[in-house]
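# using only what follows, build the 3D model:
(one chain, ligands or ions: 1)
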Amino acid sequence: MNIARALVLDPKLLVLDEPVSALDKSVQAQVLNLLQDLKAERALTYVFISHDLNVIEYVSGRVLVMYLGEVVETGTADALAQSPKHPYTQALFASAPSLDPDHRMERPPLAGDPPNPIDPPSGCRFRTRCAFAMPRCAQARQHMRMGRAAIFVSLALSICVAPLAAHAQQPAGPPPQIQAAQTFLMTWGSQKWDELKAVAADTVTVKVGPGTYTLQPAAQKSDVQLTLPFRGLSTVRTDGKITGVKVDEMALKMGDKEMRGPGMVDLKEENGAFRVTGVSATSTPQ
Ligand code: SF4
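Below you'll find the predicted structure:
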């Protein structure tokens, strides 16, 4: 009935705000297919608002990811699903439940509550919950305003000062050692083995308290798991040479035992790129 009402004036654009969120799965599929048919028959454009990633992937040509009233990332549905760049987009996809029991989520990939939208944080609105936040993120809005390309979608991508590996070529990104550690931790935590292989040594030694474990990305094998999120990365130098990245807080899980606290990611430089060789955590049991 609502769809018919919306179409009666023969519009070219329809704004659909959570149109299928209250429906059960089988009816949802029927309505989505009907919407797709109507779109093709009437050459319609939809602005489709949804929190359901599967629905978004099914219906969308282009996706805008919003956090606290601002666009943080844009791309095709496939591109976002394959390689989300913004930490919030990554957390969204990491929070999608998996049907594979081996990929059970132990801890939500995002901690804390969204801030009050009436009084949002200065700078990047996501910084109070972002694992990569650093002091300059508090000024990111000035950075945004400077961008003459006021197309919000490209601005949104330019504001994140700590994007992951795919942003490595962008001048606003963090130094390569921080990027390597971020990518390693994020891909290890979400068990994206192919991406993990790109930044990790063949075997990574993981030391937690008195125990030593191994992580072998090529074999998709890890005796210990990293639990997302983690926070606070800073470069460690020994005799002026970059040897690792300190992590203010991360959590590692061995069987049913979890340790949380500060840690270190050991790095080895190879032809200007960094590879992770080890992780150590001086954590306390939870
Ligand atoms: S790294 Fe900084 S700018 Fe990027 S999302 Fe996190 S808090 Fe925002």
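# and residue 188, what element?
helix 176-189 (DSSP states H and E).
# please see if that helix touches the ligand.
No - using Cβ under 6 Å from any ligand atom, helix 176-189 stays clear of the ligand, with a minimum separation of 9.1 Å. Bear in mind the C-beta positions are built from the backbone N, C-alpha and C, glycine included.
# which strands and helices lie in contact with that helix?
helix 193-199, strand 225-238, strand 241-254, strand 257-270, strand 273-281 (3 or more Cβ pairs under 8 Å, 6 or more residues apart in numbering; DSSP states H and E).
# who's in contact with residue 199?
Contact analysis of residue 199 by Cβ atoms under 8 Å, 6 or more residues apart in numbering lists 165, 180, 183, 184, 187, 274, 275, 276.
# would you check how far apart it and residue 57 are?
Here residue 199 is placed at a distance of 27 Å from residue 57 (Cβ to Cβ, to the nearest Å).
# what's the answer for residue 182, then?
25 Å.
# so between these two, which is more surrounded?
Just comparing residue 182 and residue 57: by other Cβ atoms under 10 Å the higher neighbour count belongs to residue 182, 25 against 14.
# right, and the more buried one touches residue 233 too?
Yes - counting by Cβ atoms under 8 Å, residue 182 does reach residue 233; the two are 6.4 Å apart.
# who touches both of these two?
Shared contacts of residue 182 and residue 233, defined by Cβ under 8 Å, 6+ apart, comprise residue 132.
# looking at this protein, which helix is longest?
helix 25-42 (DSSP state H).
# domains of the chain?
If you go by automatic domain parsing, the domain ranges for the chain are 2-161, 176-285.
# residues touching residue 57, list them.
77, 78, 81.
# mind pulling up the pLDDT for residue 105?
Residue 105 carries a pLDDT score of 66 in this model.
# what distance do you get for residue 44 to residue 138?
42 Å.
# quick check: bridge partners of residue 216?
Beta bridges link residue 216 to residue 221, judged by DSSP bridges.
# try residue 67
With DSSP bridges applied, residue 67 shows beta-bridge pairing to residue 70.
# surely it meets residue 126?
Yes - contact criterion Cβ under 8 Å: residue 67 and residue 126 qualify, at 5.3 Å.
# neighbour-wise, which of the two wins?
Neighbour comparison, residue 67 and residue 126: the larger count goes to residue 126, with 26 against 22 (by other Cβ under 10 Å).
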